[in-house]
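Asks: A structural model of the following input is requested.
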Amino acid sequence: MKDELRGLPADLAATVGRYLVAAELASDPEQAYRYARAARRLAARIGVVREVNGITAYQTGRWAEALTELRAARRLTGRGEHLALIADSERALGRPDRALELVHSDDAKRLPRAAQIELRIVESGIRRDQGLADAAVLALQVPELADGRLRPWSARLFYAYGDALLAAGRPEAAREAFSRAVVADEDEETDALARLDELDGISVEDLEDIDDDRVDGEDEDDSVDEDDSVDEDDSEDEDDSEDEDDEDDFDEDGDEDEFAADDYPDDDDDDLNEGGEPDDVGEAGDDQEDLADRSEKSVGGTAEGNGPEPEVAADGDDSQPGNRLFRSRSRWRVMMCCPAV
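Replies: Now for the predicted structure:
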């Protein structure tokens, strides 16, 4: 490309070159065609510019324009590598005889093998248009079909051969050809895989249904997992709440014991006599001494004459605050040491 653009001024050559590269890299055929047309407006007498214009016109279905541009490029460059595109444009314009003349011309025989295979593919299409299905298959039966080697153009050859076999009523052989095309088509230039699925009875709608079912199943699994997670969280929250309630109850009990002990710090000492024994143990002796004292006292008062002796509360009498507190504290101790079942 650089050699052909050297005849242009440097600035113009750079601009034309950028348009040509953009046309080659564009994924949209229409956008590529517009880039090529922009380059043609700047350098219409450059062979590579006309060549790129012819290719982009062919890719967008502009058959007459493609034919004109490719013929001009052939005259300017002397190259015939795009002869297959010229022949196929003649075929698309309804002139199969002119197309066949190009396929079997002397120029075609001097072309590289890749260009010759492209011409064979064009001839096979022409024969199918003519209703000659067996002739279409025969046009593609070249040694490269069975030598086991893969070439850059092998995918297109296998694909065209599968098409011809399918038109000839040989679906099993066509399936094998499309399978070989899938293996050879690493760049996915053809739709061989879709054709193979069509022969196997698999449609795009079936694949979409399978994907939808898989997605629905994953959504259900996620929903079940989320429900299980929520249940586990709720269970943990309930356990934590119960533990907190138990701790609160324990704290309340402890606080009551501390309150009782703080208010009456000397009760435990009072409950023990000087010998370190509980008052209950010595009550019998005390009662006998009290009876003896009473017999000696006068009915109306004490020996000192200070009025009546206060009555001593019975063991089971809870009217005295000390007894009530003692029994209450005893019950708390029993509950803390031996909780109710």
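Asks: what's the host helix or strand of Ile117 in contact with?
Replies: Using DSSP states H and E, Ile117 sits in helix 113-129. With Cβ atoms under 8 Å, 6 or more residues apart in numbering as the test, helix 113-129 has contacts from 80-81, 83-84, 87-88, 91, 96, 99-100, 102-103, 108-109, 111, 133, 135-137, 139-140, 142, 144, 151-153, 156-157, 160, 163-164, 167. C-beta coordinates here come from the backbone N, C-alpha and C atoms, glycine included.
Asks: for stretch 59-75, same thing?
Replies: 29-30, 32-33, 47-48, 50-51, 53-55, 57-58, 79-80, 82-83, 85-86, 89-90, 92-93.
Asks: how does this structure divide into domains?
Replies: As given by automatic domain parsing, the domain ranges for the chain are 1-79, 204-263, 267-280+319-341.
Asks: on that earlier part again, in ChimeraX, how would I select just the buried ones from the contacts of stretch 59-75?
Replies: The ChimeraX selection below is limited to those of those classed as buried (16 or more other Cβ atoms under 10 Å):
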select :32,33,47,48,50,51,53,54,55,57,58,80,82,83,85,86,89,90,92
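Asks: Just the contacts of stretch 59-75: which are in helices?
Replies: 29-30, 32-33, 47-48, 50-51, 53-55, 57-58, 83, 85-86, 89-90, 92 (DSSP state H).
Asks: tell me the contacts of Tyr19?
Replies: With Cβ under 8 Å, 6+ apart, Tyr19 has these contacts: Tyr35, Ala36, Ala38, Ala39, Leu42.
Asks: contacting residues for the residue nearest to it when sequence neighbours are not counted?
Replies: Of all residues not flanking Tyr19 in the chain, Ala39 sits nearest, at 3.8 Å (Cβ to Cβ, 6 or more residues apart in numbering). Taking Cβ under 8 Å, 6+ apart as the criterion, Ala39 is in contact with Val16, Tyr19, Leu20, Ala23, Val49, Val52, Asn53.
Asks: What is the nearest of those residues to Met1?
Replies: Proximity of those to Met1 (Cβ to Cβ) peaks at Leu20, which lies at 6.6 Å.
Asks: Next, the closest one: secondary structure please.
Replies: The local conformation at Leu20, judged by DSSP: H, G, I helix; E, B strand; the rest coil, is helix.
Asks: Identify the residues contacting it.
Replies: So Leu20 contacts Met1, Tyr35, Ala36, Ala39, Val48, Val49, Val52 (Cβ under 8 Å, 6+ apart).
Asks: re earlier: could you dump the contacts of Tyr19 to CSV with distance to Thr190 and pLDDT?
Replies: Listed next are the contacts of Tyr19 as CSV, based on distance: Cβ to Cβ, whole Å; pLDDT from 0 to 100:
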residue, distance to Thr190, pLDDT
Tyr35, 25, 98
Ala36, 24, 98
Ala38, 30, 97
Ala39, 29, 97
Leu42, 35, 96
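Asks: As a check, name the ranges of all helices in the stretch 101-250 of the chain.
Replies: Ranges of helices within the stretch 101-250 of the chain are 106-109, 113-129, 133-139, 154-167, 171-184, 192-199, 204-263, based on DSSP state H, counting those that start in this stretch.
Asks: returning to what we had before: so how do I select the buried members of the contacts of Tyr19 in ChimeraX?
Replies: Here is the ChimeraX command that selects the buried residues among the contacts of Tyr19 (16+ other Cβ under 10 Å):
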select :35,36,38,39
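Asks: Among the contacts of Tyr19, which are located in helices?
Replies: Tyr35, Ala36, Ala38, Ala39, Leu42.
Asks: Turn those into CSV, including distance to Leu196.
Replies: Formatted as CSV, the ones in helices among the contacts of Tyr19 follow (distance: Cβ to Cβ, whole Å):
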residue, distance to Leu196
Tyr35, 35
Ala36, 34
Ala38, 40
Ala39, 39
Leu42, 45
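Asks: just these now: which is nearest Arg175?
Replies: Nearest to Arg175 among those is Ala36, at 38.5 Å by Cβ to Cβ.
Asks: Now do the contacts for that closest one.
Replies: Tyr19, Leu20, Ala23, Val49, Val52, Asn53, Ile55, Thr56, Ala57.
Asks: for those, which one is nearest Leu199?
Replies: So of the contacts of Ala36, ranked by how close each gets to Leu199 (Cβ to Cβ), first place is Ile55, at 31.6 Å.
Asks: Could you measure from the closest one over to Ala36?
Replies: Separation of Ile55 from Ala36 (Cβ to Cβ, to the nearest Å): 8 Å.
Asks: Can you pull the poorly scored residue ranges out of this protein?
Replies: Low-confidence segments of the chain, defined by pLDDT under 70: 203-341.
Asks: Ser98 against Glu90, yeah?
Replies: Rather than Ser, residue 98 is Arg. Yes: between Arg98 and Glu90 there is a contact under Cβ atoms under 8 Å: 4.5 Å.
Asks: quick one: contacts for Val183?
Replies: If you count contacts by Cβ under 8 Å, 6+ apart, then Val183 has Leu150 around it.
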